[in-house]
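kindly generate the corresponding structure for this input.
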Amino acid sequence: MQGHTMSVLGLTGIEEDVYRYFLRNPRTPAHDIHGVFSFGERGATQAISRLRDLRLLHGDDESTWATEPGVAVPRLMEKQLEAMHRTMRQLTNPWPILRSLRRDLRDPTAGLPGTADGAGAPLRRLEDPREVRAQIDELAFSAQEEVLAAEPYDALSQENIAHGRPVDVRCLRRGVSIRNLVRTSALEDPETRSHLRRLQADGAQIRVANELSQQMLVYDRHTALLPIDVHDTARGALRIEESTLVGGVVSLFERLWATATDFATLTAPGAEQITRLSETQQRVLTSMCTVSKDEMGARQAGMSLRTYRRHIADLLRALDAGNRAQAALMARERGWV
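Numbers count the residues shown, from 1 in each chain. This next block holds a predicted model:
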């Protein structure tokens with residue numbers, strides 16, 4: 001017998017042998033096959049029956065023939081692909097399985113993965129840093145749509161990057177949106193800056209805020225994690241599922257996000273051309289942010305109107321700002337005024 005190559009298409013070895021037999025011997029009685037193979041009459045009968053169901057064999061017991069391979073193979077491929085798609089849809093939505101398993105729990109409130117007693121409560125204290133990290137991993141794993149993260153760090157350790165990156169990449173590959181707020185000072189650390197660039201390239205949206213003190217993580221606008229002590233995150237976190245409280249956290253995040261600067265803008269080629277303002281540029285920038293008329297700003301800066309406006313144009317280009325209001329906002333975020 002030839003090697004069995006049709007198992008990927010869903011046929012057993014016996015079924016493939018029978019199909020190939022009728023390709024070689026069309027229009028022969030079905031019972032003739034019983035003396036050809038060693039798998040016996042019952043095995044042959046079952047194989048013929050299934051091949052007929054798959055429309056790979058036609059005719060009757062007196063005259064049986066096989067479907068032409070150019071039709072049979074695509075038909076089997078389509079059937080297998082449909083089965084794979086059904087399986088993939090089930091794997092991307094594990095909640096029916098989880099709900100079914102939770103019904104068998106002795107304590108139904110302990111239904112969330114990896115949680116201890118009291119899981120599912122609208123507000124929980126997680127005082128063990130290991131439990132906080134486990135919660136972050138599991139919430140990210142189960143997120144379906146969106147992760148919001150405000151992280152007021154000045155630099156990330158290699159350990160934090162090594163642990164956090166696979167979690168973020170896994171979310172992004174599943175189509176989960178990530179919006180990440182970081183401090184301006186974080187861009188000064190080369191390792192952190194490189195990590196953020198890779199994360200952005202993977203599809204995350206990143207913005208930079210000059211004033212960012214509150215750490216927050218929100219998953220699918222349903223569950224939030226906040227530090228118990230904003231000054232000492234090692235003390236643990238609060239896991240919040242009460243809808244009003246989570247809504248307040250989301251609102252705070254959105255306000256911070258709306259006034260933050262896009263990470264790509266700050267790290268684009270040429271964005272660092274002016275990292276220190278000259279004394280003249282500083283005077284012009286201060287005047288631009290504090291007075292409304294150019295004539296008054298030029299007098300305050302001690303220069304002609306034409307020179308004043310030229311400096312403003314240079315500052316707008318350096319900040320990649322579309323107008324003066326945006327330039328003033330971006331300058332404040334960078335700590336220039």
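
spatially nearest residue to Leu76 (excluding sequence neighbours)?
In space, and not counting its chain neighbours, Leu76 is closest to Leu9: 3.9 Å by CB to CB, 6 or more residues apart in numbering. Backbone N, C-alpha and C define where each C-beta goes, glycine included.

how about the one you found, phi and psi?
With angles defined as degrees, to the nearest 10, Leu9 sits at phi -90, psi 0.

run a quick neighbour tally on it.
A count of nearby residues for Leu9, using other CB atoms under 10 Å, gives 17.

these two touch, right, it and Gln80?
Yes. Counting by CB atoms under 8 Å, Leu9 touches Gln80, with 6.0 Å between them.

measure the residue of the chain positioned farthest from its centre to Ser7 for me?
For the chain, the residue at maximal distance from the C-alpha centroid (CA atoms, centre = their mean) is Glu62, at 59.0 Å. Per CB to CB, to the nearest Å, Glu62 is found 30 Å from Ser7.

please apply the same query to Arg193.
Note on Arg193: its distance to Ser7, by CB to CB, is 50 Å.

repeat that for Ala264.
Distance from Ala264 to Ser7, by CB to CB: 49 Å.

shaky segments in the stretch 51-200 of the chain?
Residues of the stretch 51-200 of the chain that meet the criterion pLDDT under 70 lie in 90-95, 102, 105-121.

my error: substitute the stretch 201-337 of the chain in the last question.
For the stretch 201-337 of the chain, the stretches with pLDDT under 70 are 268-277, 333-335, 337.

if you set the cut-off to 90 instead, what comes out?
Confidence mapping of the stretch 201-337 of the chain against pLDDT under 90 gives the ranges 209-214, 229-235, 242-244, 259-294, 296-303, 305-308, 310-337.

strands of that one, start to end?
Using DSSP state E, counting those that start in this stretch, the strands of the stretch 201-337 of the chain run over residues 205-209, 216-219, 223-227, 237-240, 261-262.

tell me what the first one is packed against?
Spelled out, it's strand 205-209. Packing contacts for strand 205-209, counted by 3 or more CB pairs under 8 Å, 6 or more residues apart in numbering; DSSP states H and E, involve strand 177-183, helix 190-201, helix 243-259, strand 261-262, helix 263-267.

how about the last one: buried residues?
Pointing back at helix 263-267 there. Judged by neighbour count (16 or more other CB atoms under 10 Å), helix 263-267 contains these buried residues: Phe263, Leu266, Thr267.

does the residue farthest from the centre of the chain really touch Pro29, like I thought?
Yes. With contact defined as CB under 8 Å, Glu62 counts as touching Pro29 (5.4 Å).

for Ala237, see how far away Asp220 is.
Taking CB to CB, one finds Asp220 at 17 Å from Ala237.

comparing the two, which residue is more hemmed in?
Ala237 (26 against 15).

quick check: the nearest residue to Ala186 once chain neighbours are set aside vs Asn160, distance?
Nearest residue to Ala186, sequence neighbours excluded (CB to CB, 6+ apart): Thr192, at 5.0 Å. According to CB to CB, Thr192 stands 9 Å off from Asn160.

out of the two, which sits in the more crowded spot?
The residue with more neighbours, out of Thr192 and Asn160, is Thr192; 21 against 15, by other CB under 10 Å.

tell me who's in contact with that one.
If you count contacts by CB atoms under 8 Å, 6 or more residues apart in numbering, Thr192 has them with Tyr153, Ala155, Leu156, Ile161, Ala186.

at 10 Å what do you get?
Tyr153, Asp154, Ala155, Leu156, Ser157, Asn160, Ile161, Val182, Arg183, Ser185, Ala186 (CB atoms under 10 Å, 6 or more residues apart in numbering).

and what about the second one, helix, strand or coil?
Going by DSSP: H, G, I helix; E, B strand; the rest coil, the secondary structure assigned to Asp154 is coil.

could you give the number of residues near the closest residue to it other than its chain neighbours?
Spatial nearest neighbour of Asp154, chain neighbours left out: Ser185 (4.7 Å); criterion: CB to CB, 6+ apart. Using other CB under 10 Å, Ser185 is surrounded by 16 other residues.

was I right about Ser185 contacting Leu212?
Yes. Look at Ser185 against Leu212 with CB atoms under 10 Å: they come within range, at 9.2 Å.

mutual contacts of the two, please.
Pro152, Tyr153.

could you check how far Ala328 is from Thr307?
Taking CB to CB, one finds Ala328 at 20 Å from Thr307.

my bad, should have said Asp202
In terms of CB to CB, Asp202 sits 45 Å off from Thr307.

list the residues that contact Met330.
By CB under 10 Å, 6+ apart, Met330 lies in contact with 208, 210, 261-262, 265-266, 315-316, 318-321, 336.

go with 7 Å
Neighbouring residues of Met330 by CB atoms under 7 Å, 6 or more residues apart in numbering: Thr261, Leu319, Ala321.
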